[in-house]
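# turn this into a model:
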Amino acid sequence: MPENHSCLYPLAGDGEGTRASSENGVIRRRDFIRTGASGLAGAALAAAGCNRISENQNARPLGNLRSATPAELQGLVGDGRRRRILLRGGVVLTLDARLGDFEKADILIDGKTIAEIAPNISASDAEIVDCSGTIVMPGFVTTHHHMYETLQRSMIPDGLLQGAWPQESYNSVVQNIWTAGRIADPQNPSSFVWDLGRSPYDPEDCYISELVACLSEISEGITTGVDTSQSSHTPEHTDAMIKGLMDSGRRMVYAYTGGIDRSAQGIPYEFPGAMNDTSKGIGRIAKMYFSSKDQLVTLGFGGGPGVAAPGSDYTGWQLARAFGGSLHNHNVGGAAVVINAAADPRNGSDWSDVTFIHCTRWQDQPIAQISYGSHGYPKENRSKAWEIWRDRGAHVSIANLIEMQMRHGMPPFQEALDHGILPSLSPDVDTNMTTDPFSLMRGAFCLQRALANDLAFPESNPGGLPVPQLLTSRQVIEMATIAGAASTRLLDKIGTLVPGKEADIIVLDARSINSWPINNVPGTIVTMLNPRHVRDVLIAGKVVFWKGKLVGWNVDALLGQIEQARDRVLARINGPAKAGSLPAGNNSMTNPYRANFLGSCCEKGQNTSAPAYVLRP
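Sure, this is the predicted structure:
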């Protein structure tokens, strides 16, 4: 692609394209939609093609700034089903209790799978990768992320979860303005003070957000994730998001979740689908995209344990299971949901395919502090919901950074540990916080230890609670790998390094000025490293990140495309509305509306009852 040449997005049928620009941009919506599902792979969503690196781009200093060139790949990129790669001489953290870890070992990868792990493997036909000075370990797995929101990164970094406009919160800004395209009247929630008549997102905006999110997390060493998208406004939005995941080359669970139902305005809406129906909703996408279990992107579902849809006699869990989907539900302060789900025999008793996200505030009665067992202050720590969760084998995803920052409730690490559950970790939303897995691990490590350690001091522990066991670095790493793989029903394939499993592997460059020498391997990973230390990433044996650079992608083009998508969505928000006009927020820039760029996004309205801080340095 010549320098400064805009990407052309080919349209189905006529072979012509529309130059990427702002509102006229990536592709005309009617052309995008008319391609249908069958045209997505090669036509309207061929953004991946124009993002791919070609040989003649190597001289471009900006376009390949963070993109690996063919010359750098040393013949490692190709058909992963045939290629043999030997990762030689690294510290190998298998996380498998039977195989053990190695101070120095080799890993032989044959096609998609791990063939052998041992010191001094001889494989003359393999491509050799020198891993001296590195830690080689399973790729990180996160279990909950709203990836369509990536174009809204750091939109409300100071914002809380709840709050009605003009207070800027996740609910009012991200969910109402940017996602739903409408703001309810606080005095009459059934009417709207502003309504665009549509979601500001078009399918191609969802596509680029999903794609950039996946590639970003690959660069951070997160080889597997779960997309709880909440943006299936139309079938075309759903198809675009799935296509974005598949084009990325990352291992993913697409947890099909609803969007904004505007069918009353003539906009097609198909969520959640119906039992025995492969023409719409989950049945349609299961047949179209998820017919095989042996693929990188698999099917999940966001429907809950209650009635799947008005008038149905089956639950959301039954609907997902009928089409082979795993279950991924949000639960903030909803202990009754767990108890009611257990009382409904339609939901079964084996919940090993269920992950609840957040799981905050499940205690039976108010408590201020907890320890292990039933120790709590000022009352005993009891939770029927946690006991059900433990006994039925369900999984827990804790978005610890977001829960602390956005007021979901205290991240329930101690409750999960006390009930014998190793929780997984999740980044949740880019609108408020990084997806960085090292930050997630450090956050979990420090939070559990801070709460437990504070009980060691009588002045902080009026109830005299005993101090619980403290999390170790290794246990936190297991949250970010093994627990995530179990939650996504992929532990038979990934999560540990064992011969026969698929080769989802990351190589961490520990021989760095800020982490060397290594004196404890798990501690180095959790307390010292950050995404800059991710050197190489393999997914199913394929090299997707090499020597700190994405393989096969023009990063500068991707950045331009997601910026254009952000601008398109913002232009629609500021465009003609079906009803009302967008009222000013407490901190947003208005006329036209824009998120506060240099100041606080959400300071006013956060807490009107407490005095503002008057601080000195």
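
# phi first, then psi, for Thr278.
Main-chain dihedrals, Thr278, degrees, to the nearest 10: phi -100, psi 20.

# find the nearest non-adjacent residue to it, please.
Lys287 (4.4 Å; CB to CB, 6 or more residues apart in numbering). All C-beta spots, glycine's among them, are computed from the backbone N, C-alpha and C.

# for the strand or helix carrying that neighbour, give the mean pLDDT please.
Under the criterion of DSSP states H and E, Lys287 resides in helix 281-289. Taken as a whole, helix 281-289 has a mean pLDDT of 98.

# list the helices and strands the very next helix or strand once past that helix packs on?
Where DSSP H and E defines the elements, the next helix or strand beyond helix 281-289 is strand 297-301. The contact analysis (3 or more CB pairs under 8 Å, 6 or more residues apart in numbering; DSSP states H and E) places strand 297-301 against helix 235-248, strand 251-256, helix 281-289, helix 316-322, strand 326-332.

# contact partners of the fourth one?
With contacts defined as CB atoms under 8 Å, 6 or more residues apart in numbering, helix 316-322 is touched by 272-276, 282, 300-301, 303-308, 312, 326-327, 341, 346-348, 353-354.

# what about stretch 118-135, start to end distance?
15 Å (CA to CA, to the nearest Å).

# residues of it that come out buried?
By 16 or more other CB atoms under 10 Å, the buried positions in stretch 118-135 come out as 121, 123, 126-127, 129, 131, 133-135.

# likewise for stretch 327-346?
327-332, 334-335, 337-338, 341-342.

# quick one: which of those is nearest Asn554?
Asn554 lies nearest to His328 out of these, by CB to CB, at 32.2 Å.

# grab the nearest non-local neighbour of the closest one.
Here the residue nearest His328, using CB to CB, 6+ apart, is Ala255, at 4.1 Å.

# so that neighbour versus Val537, what's the distance?
Ala255 is 23 Å from Val537, where distance means CB to CB, to the nearest Å.

# Thr608 too?
46 Å.

# returning to what we had before: count of neighbours near the residue nearest to Thr278?
12 (other CB atoms under 10 Å).

# cool, Asp96 as well?
17.

# ok, it - contacts?
By CB under 8 Å, 6+ apart, Asp96 lies in contact with 496-498.

# give me that answer again for 10 Å
Contacts for Asp96 (CB atoms under 10 Å, 6 or more residues apart in numbering) come out as 117, 138, 482, 495-499, 501.

# quick one on the thing from earlier: deepest of the helices and strands packed on strand 297-301, which one?
Counting by mean count of other CB atoms under 10 Å, strand 251-256 has the highest mean neighbour count of the helices and strands packed on strand 297-301, with a mean of 28.

# what does the residue positioned nearest the centre of the chain show for phi and psi?
Nearest to the mean C-alpha position of the chain, by CA atoms, centre = their mean, lies His145 at 2.7 Å. Main-chain torsions, His145, degrees, to the nearest 10: phi -160, psi 130.

# and what of Ala612?
Dihedral angles for Ala612 - degrees, to the nearest 10 - are phi -70, psi 150.

# my guess is it contacts Ser600. True?
No: at 11.7 Å, Ala612 does not count as touching Ser600 under the criterion of CB atoms under 10 Å.

# returning to what we had before: neighbour count winner among Thr608 and Val537?
Of the pair Thr608 and Val537, Val537 is the one with more neighbours under other CB under 10 Å, namely 26 against 7.
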